[in-house]
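Asker: okay, here's the prediction I keep looking at, along with the sequence it came from:
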Amino acid sequence: MVERADIEAKAREIEQTLLETRESVKDKSVMLAVAVVAVVAVAFLVGRRKGAKRSALVKVYRV
């Protein structure tokens with residue numbers, strides 16, 4: 001026979017597992033977001049530097 005205490009214990013076990021899983025996913029998602037931002041920032045800075053080296057200087061004279 002299943003008693004109320006058994007059901008409550010199993011519910012607490014499931015809840016604890018869900019909390020651990022949520023924390024794990026949250027930590028991974030934060031690390032992934034930081035990595036993506038870092039990669040985008042580096043790509044932006046490298047592209048900006050290369051663009052500055054390759055851009056032509058245009059002088060406009062008024063007559």
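Answerer: Received, thanks. Numbering: from 1, shown residues only.

Asker: CA atoms of stretch 4-13 as PDB?
Answerer: In PDB, the C-alpha atoms belonging to stretch 4-13 read as follows (Å, rounded to 0.1, in the frame of the first residue of the first chain):
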ATOM      1  CA  ARG A   4       0.900   9.700   1.800                       C
ATOM      2  CA  ALA A   5       4.400  10.000   3.200                       C
ATOM      3  CA  ASP A   6       5.800   8.000   0.300                       C
ATOM      4  CA  ILE A   7       4.100  10.200  -2.200                       C
ATOM      5  CA  GLU A   8       5.300  13.400  -0.500                       C
ATOM      6  CA  ALA A   9       8.900  12.000  -0.400                       C
ATOM      7  CA  LYS A  10       8.800  11.200  -4.100                       C
ATOM      8  CA  ALA A  11       7.300  14.700  -4.900                       C
ATOM      9  CA  ARG A  12      10.100  16.300  -2.900                       C
ATOM     10  CA  GLU A  13      12.700  14.200  -4.800                       C
END
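
Asker: buried ones in that stretch?
Answerer: By neighbour count on 16 or more other C-beta atoms under 10 Å, the buried set for stretch 4-13 is empty. All C-beta spots, glycine's among them, are computed from the backbone N, C-alpha and C.

Asker: and stretch 18-27, how far out from the chain middle?
Answerer: 15 Å (C-alpha atoms, centre = their mean, to the nearest Å).

Asker: per-residue confidence averaged over that stretch?
Answerer: Mean per-residue pLDDT for stretch 18-27: 88.

Asker: what's the helix or strand for the residue nearest the centre of the chain?
Answerer: Geometric centre of the chain, nearest residue: residue 33, 1.3 Å, by C-alpha atoms, centre = their mean. Using DSSP states H and E, the element containing residue 33 is helix 4-54.

Asker: tell me how far that helix lies from the chain's centre.
Answerer: 5 Å.

Asker: report all helices and strands that it contacts.
Answerer: Identification of packing neighbours for helix 4-54 by 3 or more C-beta pairs under 8 Å, 6 or more residues apart in numbering; DSSP states H and E yields no helix or strand.
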